[in-house]
Every structure is written in structure tokens, then in C-alpha cells.
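>>> dropping a prediction and its sequence here:
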Amino acid sequence: MSFFGEFLASVLPTVSYADSEEEEEEEQPVEVVEVEVEVEEEEEEEEEDEEDEDDEDEEEAEDPLDKLRAECTTTSECAKYVHHYQECVERVTKEQEEEGYAEKSYKEDCIEEFFHLQHCINDCAAPKLFYKLK
């Protein structure tokens, strides 16, 4: 039996009636529906409580890596990679606006420049990150 089935079996009372079978069939679904609704409401309340706790955690803790990455983009080591990446983005954007772009066999992208930039930023931020973690 599944966990949910065992849980419902433990919550639902076991009752036997001496009346006819028709009355039992009518009464049991009503009880099951009421209990299932209560269980669903409890689960929804628990999920809301967890979401509230998650929101509080998100507000309190800031990721120091984001700050370090922003600082590293302005360093002289990574400035040339930022410049190359921005030039490439401008070039690709301008090319996309031209007529007949969809029919071109080769379409330039900035993946290489992006990875060079990310590599530089990560190399700059990694040694400083562990000193800032609590």
C-alpha cells in the first residue's frame, strides 16, 4: 500500500453498519470526500508555510558570487573580454535586422566571446569567493 493510502486508512474511521448496503454506499463517499478535502487543505497550508519560509530565506541571504562577478567585469583583466563580447552582440544584432537574414547559410553568434568572458570572470571571482562565504 502506498504512503498516501496508508495515511488515509489511518485517518478514516473503520465503521460497519448493520443497515442495508445501499445506505453504506451513499454514506461512505461523503465521508471520504470530506476527509480528502481536509487533507488537501492541510497540504496546501503546509506548502504556503514552506513558501513563506523560502521567501524569508531569499530576502535575507544574498549571493556573494553575484557581487564578485559584477566587480570582476570591471577589472582590467576582463575588460577586454567584455569589450569583445559587446562588439559581437552589436554586430550580430545589426546583422539580424538586415533583410534576408533568415536565408543566410552562416549566422554569426557570440558563443566564443561569451565563454571567454565567463572564463575570465570565474577565474577572477573563484579565489575571492571562499573568503566571503560564512
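Yep, it's here.
>>> gap between residue 64 and residue 89?
Note on residue 64: its distance to residue 89, by Cβ to Cβ, to the nearest Å, is 27 Å. Every C-beta, even on glycine, is put in place using the N, C-alpha and C of the backbone.
>>> low-scoring stretches of this protein, by residue?
Scanning the chain for pLDDT under 70 picks out 1, 4, 8, 13-60, 134.
>>> okay, helices next: where are they in it?
Ranges of helices in the chain, per DSSP state H, are 3-11, 21-60, 64-73, 76-97, 111-132.
>>> show me what the fourth one is packed against.
With contacts taken as 3 or more Cβ pairs under 8 Å, 6 or more residues apart in numbering; DSSP states H and E, helix 76-97 sits against helix 64-73, helix 111-132.
>>> that one: which residues count as buried?
Residues 78, 81, 82, 84, 85, 88 are the ones in helix 76-97 that count as buried (16 or more other Cβ atoms under 10 Å).
>>> test my guess that the fourth one contacts residue 116.
In this case it means residue 84. Yes. In terms of Cβ atoms under 8 Å, residue 84 counts as a neighbour of residue 116; the distance is 7.1 Å.
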